[in-house]
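[1] The following comprises the amino acid sequence and a computationally predicted model.
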Amino acid sequence: MLIQSLHLSNWRSFYGENEFFVSQDPTKNVTLIRAENGVGKTSLLAAINWCLFEILPLESEFENPKELVNKFAVAHDGVTKTSVELIFKHEGKRYRAKRTYDQKTANTEPLKLLEIAEGGEVPSSKDRPDRFINSVIPREMAPHFFFYGEATSRYTGVSGAKKFGEAVKGILGSTVARMALDDLRKAWQDYNKQAADNTSSEAQAAERQIEEADQKIAKLKDELVKSDEEIDAATSRIDRLNQELAGANPAKEAQARRARLESQLATKDAERTKAQQRTQSWMQTYVTAVLAEELVSEADAVIKAEDTRGKIPAPYDKKLVDEILEDQLCICGRPVVEGSSEHNHIKALLDTAGDQAVMSRIISTGTALGRIGQRAERAWSDYERNNEDLRKVEGEIQRLDSDLTEISKELAANPITDIADKEAARERAKKQRDHALNRKADVKASISNYERLKADLERSRDELTRKSAAAKRYVKRAQLSAALVARLESRLLNEEGVARSAIEREIDQIVQKFMRKPAKVKLDRHYQLKLFDENDVEVAKSTGENQLLGLAFTGAIAKYAKERQGNADDILLPGTVAPLVVDSPFGHLDPLYRRGVAEFLPNLATQVILLVSTSQASEAVMTMLADKIGEEYILTRHNCSDGAAKQPEFIEIRGKTYDLTTYNSEIEGTRITWIQQ
């Protein structure tokens, strides 16, 4: 899909008829829309999502979602309807998509789709316009093409891994395959139940216990989701309060110290985790050597008692003695005459000569025992060294925790009430997060226990049903369902793995080029997005770095979808080309990261529409975007009031001045103004 234009009719803050055109130039593929906060950037992005998919933002980001018609038009013109029209190209054809909402009846009309041909417009031959739109950009992919920039840091938060996984699955278009997977699992469960019902009461009891375990696991997983949501919400509150404290002059220095200490604490936490992992792996590495230490000592003594000195090592012993006796010539050159004392001494070696296999075993056993002994000696030094590392990092963590506590007390005692209140709120959010994290750990442990119990019960039930002739056909069906589940799961995991690797590479390239500190990105199979330093130690991420990573991620999956365009697949939807529409992409970024985002975003999609405030469109950003901007607009807020005592708001672009806010206007609402290139 390539968007050509968007037309709004009394949509939200936009009064009357407003239209803007999207750049079609492949080299100047950025359409820039500037506006101050509260003027209509989010409403503009919402209009695209609503027109195509009837999707509106969350109420926390989009007030009064049922009031879609411009208020001034309702009050002064008696207007009750609003509509959004989108003209786009797809596979060589042009289409007009239109959605209308009647606020008086609270009714949204079905999407209308017209094909624009030479000489006019004709109704599209598509049976269901919404299905056609879904084939152009699958609904599940939409949030990753039309998105709110400040929300991208959610991908790196507490529940970010889950959102990341959903995004990758969405971009692969695997929803239908996953629905089939759920159906196959249900069939597998039903066949197992039928098999148990046709077996013994013992098998039926096992099946009931399996169902009970499944129900408990499902309930615990719901609790896990709630814990993640609480963690995410608490983390967002902490981040917001951190920003507010960092912006308050009396708290700025203390907050900066806290940010540094928290970064150090995150590094030390990662070091502690590694030390704990080394402690856990110590048993696996050294348990045999340590437990066998006494046995090794005894075995070594037995082997040494079997004196091998004076014996010629196999396989040369017997052969060498026979050759000396046969040739009657010693290896030193002296003659060995039969019957002489020399002859008898050499012949006697045959009585003590070792058998080849036995001698080899003795030698190899001795060597192996020596290695075990050496490992046992090394085990305790490694144990002490690792314990010392753990004690050291624990001490540093305690020190950092103590310093952070002192900063919290300092801010809580601040004579400025607002700062003290914010610190108190931050502490409450931190306690809520810690409580949710502890509960999450307990829930995960309970899930593991029930899953082990369920696996044992399934083995017991399967053993019983296999012996039953009556259950035989159900067993076969269950086995077939299980095989299909395993095959489809493997296929989806493989596809996700390929996508994850490609997206990881793209994000890592962006991080390597644009992030201030040296770091590399890693994505594990659970979609945990983490940063590591040159020593492979995980590093904490600032709010700006989280947003940079979120934008890099969204751009990377958009690029991956573009690369998959036209891929024929029996279980996945093909990729798609779509515009990247971003609201406030530069929100929490410092000048360096803003330049980085301005450089890499235009390279990740065929069309890029950026909705930015004038402060975000800094000189550094505009310099970086200059050669990429094909179309440019501003949103002007018109007010009927006289604006007494208010500062005029305007912007100068290429020598011409444009109003951002006007007063004493005949209308109340936002209008779109084109900026000539």
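    Received it, and whenever you're ready, just let me know what you need.
[2] which stretches of the stretch 201-350 of the chain aren't confidently modelled?
    282-319, 349-350 (pLDDT under 70).
[3] how about the helices in it?
    For the stretch 201-350 of the chain, the helices defined by DSSP state H, counting those that start in this stretch occupy 201-247, 249-291, 293-305, 317-327, 341-352.
[4] Let me know which of the ones you listed is the nearest to D382.
    Among the helices of the stretch 201-350 of the chain, the nearest to D382 by Cβ to Cβ is helix 249-291 (6.6 Å). (Each C-beta comes from the backbone N, C-alpha and C, glycine too.)
[5] Return the set of buried residues in stretch 524-538.
    Using 16 or more other Cβ atoms under 10 Å as the test for burial, stretch 524-538 gives Y527, L529, K530, L531, V537, E538.
[6] go on, stretch 7-27?
    So for stretch 7-27, counting by 16+ other Cβ under 10 Å, buried means 7-16, 18, 20, 22-24.
[7] before we move on, back to that, in strands, which of the buried residues of stretch 524-538 appear?
    L529, K530, L531 (DSSP state E).
[8] worst-scoring helix or strand of this structure, pLDDT-wise?
    helix 293-305 (a mean of 53; mean pLDDT, DSSP states H and E).
[9] Let me have the helices of the stretch 201-350 of the chain in a markdown table, extended by distance to V511 and mean neighbour count.
    As requested, the helices of the stretch 201-350 of the chain are exported to a markdown table (distance: least, Cβ to Cβ, whole Å; neighbours: other Cβ atoms under 10 Å):
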| stretch | distance to V511 | mean neighbour count |
| --- | --- | --- |
| helix 201-247 | 20 | 17 |
| helix 249-291 | 17 | 15 |
| helix 293-305 | 48 | 12 |
| helix 317-327 | 66 | 14 |
| helix 341-352 | 71 | 12 |
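[10] Among these, which comes closest to D401?
    That would be, of these and by Cβ to Cβ, helix 249-291, which comes in at 7.3 Å.
[11] before we move on, which element is the residue lying closest to R466 once chain neighbours are set aside in?
    Closest residue in space to R466, ignoring its immediate chain neighbours: V475 at 6.3 Å, by Cβ to Cβ, 6 or more residues apart in numbering. Using DSSP states H and E, V475 falls within helix 472-514.
[12] do M179 as well
    helix 175-197.
[13] now do L611
    Per DSSP H and E: strand 608-612 holds L611.
[14] and what of N49?
    Judged by DSSP H and E, N49 forms part of helix 41-53.
[15] Report whether M622 is found in a helix, as I expect.
    Yes - per DSSP: H, G, I helix; E, B strand; the rest coil, M622 lies within a helix segment.
[16] how deep is it tucked in, by neighbour count?
    M622 has 15 neighbours, counted by other Cβ atoms under 10 Å.
[17] what's the answer for the one 10 residues further on, then?
    When neighbours are defined as other Cβ under 10 Å, E632 has 22 of them.
[18] That one contacts I672, correct?
    No - contact criterion Cβ atoms under 8 Å: E632 and I672 do not qualify, at 11.2 Å.
[19] Need the residues touching each of the two.
    Common contacts of E632 and I672 (Cβ atoms under 8 Å, 6 or more residues apart in numbering): I33.
[20] I'd like the ones in strands among the buried residues of stretch 524-538 as CSV, with pLDDT and distance to D462 appended.
    Listed next are those as CSV, based on pLDDT from 0 to 100; distance: Cβ to Cβ, whole Å:
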residue, pLDDT, distance to D462
L529, 76, 39
K530, 80, 39
L531, 82, 45
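[21] And what about A605, helix, strand or coil?
    coil.
[22] Count the residues that sit near it.
    A605, neighbours per other Cβ under 10 Å, totals 22.
[23] same check, this time on the one 10 residues further on
    Counted with other Cβ under 10 Å, the burial measure for S615 works out to 10 neighbours.
[24] Give me the pLDDT value at it.
    Here, the pLDDT recorded for S615 equals 81.
[25] chain center to the helix holding M179: distance?
    Helix 175-197 sits 28 Å away from the centroid of its parent chain (Cα atoms, centre = their mean, to the nearest Å).
[26] send the alpha carbons of it over as CSV?
    C-alpha atoms of helix 175-197 as CSV (Å, rounded to 0.1, in the frame of the first residue of the first chain):
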residue,chain,number,x,y,z
THR,A,175,-2.9,-15.8,13.5
VAL,A,176,-4.7,-18.3,11.3
ALA,A,177,-2.0,-20.9,11.9
ARG,A,178,-2.2,-20.3,15.6
MET,A,179,-5.9,-20.7,15.6
ALA,A,180,-5.4,-24.0,13.8
LEU,A,181,-2.9,-25.0,16.5
ASP,A,182,-5.4,-24.2,19.3
ASP,A,183,-8.0,-26.4,17.5
LEU,A,184,-5.5,-29.3,17.1
ARG,A,185,-4.6,-29.1,20.8
LYS,A,186,-8.3,-29.2,21.7
ALA,A,187,-8.8,-32.2,19.5
TRP,A,188,-5.8,-33.9,21.1
GLN,A,189,-7.3,-33.3,24.5
ASP,A,190,-10.7,-34.6,23.5
TYR,A,191,-9.3,-37.8,22.0
ASN,A,192,-7.2,-38.4,25.1
LYS,A,193,-10.4,-38.0,27.2
GLN,A,194,-12.3,-40.4,25.0
ALA,A,195,-9.4,-42.9,25.2
ALA,A,196,-9.4,-42.7,29.0
ASP,A,197,-13.2,-43.0,29.1
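[27] which intervals of the stretch 451-600 of the chain have sub-threshold pLDDT?
    Ranges of the stretch 451-600 of the chain meeting pLDDT under 70: 540, 543, 566, 568-570, 573, 588.
[28] Distance of S448 relative to A455?
    From S448 across to A455, the span is 11 Å (Cβ to Cβ, to the nearest Å).
[29] And V30, by the same measure?
    Distance from V30 to A455, by Cβ to Cβ: 54 Å.
[30] Compare these two (neighbour count), which wins?
    V30 (24 against 12).
[31] nearest spatial neighbour of the more buried one, skipping sequence neighbours?
    K628 (4.4 Å).
[32] what's near enough to touch the one you found?
    T27, K28, N29, V30, P602, V608 are the contacts of K628 under Cβ under 8 Å, 6+ apart.
[33] Tell me the pLDDT of the third one.
    What it means is N29. Looking at N29, the pLDDT reads 94.
[34] For the stretch 501-650 of the chain, which segments are assigned as strands?
    Under the criterion DSSP state E, counting those that start in this stretch, the stretch 501-650 of the chain contains strands at 520-523, 529-532, 580-583, 608-612, 629-638, 649-653.
[35] actually the stretch 51-200 of the chain, not the one I typed
    81-90, 93-102, 107-108, 112-117, 120-123, 146-148.
[36] most packed of the ones you listed?
    Mean neighbour count (mean count of other Cβ atoms under 10 Å) peaks for strand 146-148 among the strands of the stretch 51-200 of the chain, with a mean of 23.
[37] what's the average pLDDT for that strand?
    76.
[38] Repeat that for stretch 4-15.
    96.
[39] tell me the contacts of the residue nearest to P591 when sequence neighbours are not counted?
    Leaving out its chain neighbours, the residue that sits closest to P591 by Cβ to Cβ, 6+ apart is A620, at 5.3 Å. Contacts for A620 (Cβ under 8 Å, 6+ apart) come out as P591, R594, R595, A598.
[40] what residue ranges in the stretch 51-200 of the chain score low on pLDDT?
    60, 119, 123-127, 148-164, 167.
[41] distance of the residue of the chain positioned farthest from its centre from E326?
    Computed with Cα atoms, centre = their mean, the residue of the chain farthest from its C-alpha average is G339, at 87.4 Å. Noted for G339: a distance of 15 Å to E326, by Cβ to Cβ.
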